[in-house]
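**Q** Pasting the sequence and the predicted coordinates here, then a few questions.
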Amino acid sequence: MGKVLTKQPLRDNYSQFQLTVVSLLMLILISMTTNELLAAKFYKFKDKNGKIVVSSTLPPEVSQNGYEIVNEHYVVIETIAPRKTEAQLREEKINKVRLEKEAKMAREQEQLDSILINSYTDISDIERARDNELVARERDIMLLKQNIRRLTRLLEDTQTRAARDERLGRALSKKLVAEVAKFKRRIASESAEVIKIEENKDIITERFSSSIIRFSELKAAEQLRRHNPETLASADSKAVIFQCFGEERCNLAWQTALRYANDNSTTELAWANETTIMMRKPRDAKDISIMLTRVVSRNKRDSSIVMEVRCNKSQKGEDLCASEKVRVIEKDFIPYLN
C-alpha cells in the first residue's frame, strides 16, 4: 500500500507536465500561423496617378476610393467598395423613394384592375353604368334649372314691387331689400351648382372612358393568353387576333385596322388612341360595332391587335353577331391587315 501511494503523485505530475508542453506548443503554432496570415495580407489599390500599387499598408486617402485585399500570391481575398459620396447617397435615397412609389402604384393598379374585371362582364356594362350616372346628373341639372326659373320669377316680382314703391316715393323696406338680396344669392348659388355638375359630367365621362380602355386592354391580354396560335382566334370568344413584328409594321397595321373598323361598322367612331379603337355601341338590332385593342409586347416593337365585333344586346342583335355577315368581317380582318 505504501509503495502505490508514493508512485501516484509522480504519474499525475508527469501528465500535467505533458499537458503543459502540448498547450505551449499549440500556442506557439497558433501565434506563428497568425503572424504568417497577417504577414500575407496586402492592399492593392490605384494611386493618385492611376497606377496599381500593392502594399502592406493602406494610405488613409486611398481607403475612400476602394481597394482590394490580396495574399502573397496576389489572389484577391476581399474587395472593399469606394465610399459613396453625399451626391450618390442622395441619389440612392431618391431612387429608393421612386421605386417604393412605383411599387405602391403597381399594387393599387392591380387592385383597381381586379375590381374592374369583377364588376363588369363586358364593355356594354361599363357604358350602361356611365349612362346611368350621366342621366342622374342631367336630372339634378334639370331640377336646379327649374328652381332657378322659380327664384328668378320671385326676384322679378320683388324687384317690380321695389320699383313701384320708388315711383310712389316710398322708402324701400328692409324686408324688401333683404328678399332681393336673398333671391340673388340663391340664384347665383344654384347657377354655380349647375356649372359644377356640368364639369362633373365631363369627369364622369373621362373616368368611364379610362375604365373602358383599361377593361379592353385587360380582356385583350386575357384573349392573348388563351388564343389558338394556329387560327389566331380565341378558344371561347369571337375575338380575332392579328400579330405583327417590328414597330413600323405594327404602327401601319394599327392605322389599317382603324380603316377596317370604319369600313365595317355601322356606328361612328367613339374614340381612337394608341391602344384602343372603339366604334360607338350598337343602338339597334341592325348595328355592328367593332372594337380593337393593341397589346404591345415587352420588347416595345411587336404587337398583337385584338378585334371584337359587338352587336346590340337583344335577340336580334345576338342573331346578327352569329350571322354569316359578321363571320365574314372576322374572317377578312387578318388578310386585310396583311
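**A** Happy to help now that I have it.
**Q** how many neighbours does Glu308 have?
**A** 23 (other CB atoms under 10 Å). Just so you know, the C-beta spots here come from the backbone N, C-alpha and C atoms, and that holds for glycine as well.
**Q** Kindly report the same for Asn299.
**A** 8.
**Q** could you measure it against Phe245, distance?
**A** 10 Å (CB to CB, to the nearest Å).
**Q** got a list of what the nearest residue to Gln64 once chain neighbours are set aside touches?
**A** The shortest distance from Gln64 to any non-neighbouring residue, by CB to CB, 6 or more residues apart in numbering, is to Arg83 (5.0 Å). Neighbouring residues of Arg83 by CB atoms under 8 Å, 6 or more residues apart in numbering: Ser63, Gln64, Asn65, Gly66.
**Q** Got the phi and psi for Arg83?
**A** Note on Arg83: its backbone torsions stand at phi -70, psi 130 [degrees, to the nearest 10].
**Q** Please tell me how far it sits from Ile77.
**A** Distance, Arg83 to Ile77, using CB to CB: 20 Å.
**Q** Tally up the residues packed near Gln64, please.
**A** Gln64 is flanked by 11 other residues according to other CB under 10 Å.
**Q** wait, it sits on Pro82?
**A** Yes: counting by CB atoms under 8 Å, Gln64 touches Pro82, with 6.8 Å between them.
**Q** Could you look up the SS state of Arg294?
**A** strand (DSSP: H, G, I helix; E, B strand; the rest coil).
**Q** where's it relative to Ile305, distance?
**A** From Arg294 to Ile305 the distance is 5 Å (CB to CB).
**Q** anything in contact with each of those two?
**A** With contacts taken as CB under 8 Å, 6+ apart, the residues that reach both Arg294 and Ile305 are Cys250, Trp254.
**Q** could you show me where the helices are in the protein, in order?
**A** 2-39, 60-63, 86-119, 123-167, 174-226, 247-264, 315-321, 324-337 (DSSP state H).
**Q** Centre-most residue in this structure?
**A** The centre of the chain sits closest to Ala106, judged by CA atoms, centre = their mean, with a distance of 4.5 Å.
**Q** Ranking helices and strands of the chain by mean pLDDT, which lands last?
**A** Using mean pLDDT, DSSP states H and E, strand 233-234 stands out as the lowest-scoring helix or strand of the chain, at a mean of 45.
**Q** Contact partners for Glu138?
**A** So Glu138 contacts Lys201 (CB under 8 Å, 6+ apart).
**Q** low pLDDT regions in the stretch 101-250 of the chain?
**A** Filtered on pLDDT under 70, the stretch 101-250 of the chain yields the residue ranges 226-238.
**Q** So for Met1, what's the pLDDT?
**A** Listed pLDDT for Met1 reads 44.
**Q** wait, Ser15
**A** Looking at Ser15, its pLDDT stands at 61.
**Q** got it, and Thr33?
**A** Turning to Thr33, the model gives it a pLDDT of 54.
**Q** wait, what's in contact with Gln243?
**A** Leu232, Asp302, Ser303, Ser304, Ile305.
**Q** Check these and tell me the two furthest apart.
**A** Pairwise distances across these peak at 14.2 Å for Leu232 and Asp302 (criterion: CB to CB).
**Q** still on that earlier bit, would a markdown table of the helices of the chain with distance to Val240 be doable?
**A** Output for the helices of the chain, formatted as a markdown table (distance: least, CB to CB, whole Å):
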| stretch | distance to Val240 |
| --- | --- |
| helix 2-39 | 72 |
| helix 60-63 | 66 |
| helix 86-119 | 21 |
| helix 123-167 | 17 |
| helix 174-226 | 9 |
| helix 247-264 | 11 |
| helix 315-321 | 13 |
| helix 324-337 | 5 |
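**Q** between these, which one is nearest to Asp284?
**A** Across these, closest to Asp284 is helix 315-321 (CB to CB), at 8.0 Å.
**Q** Can you give me the buried ones in that closest one?
**A** Buried positions in helix 315-321, judged by neighbour count with 16 or more other CB atoms under 10 Å: Gly317, Leu320, Cys321.
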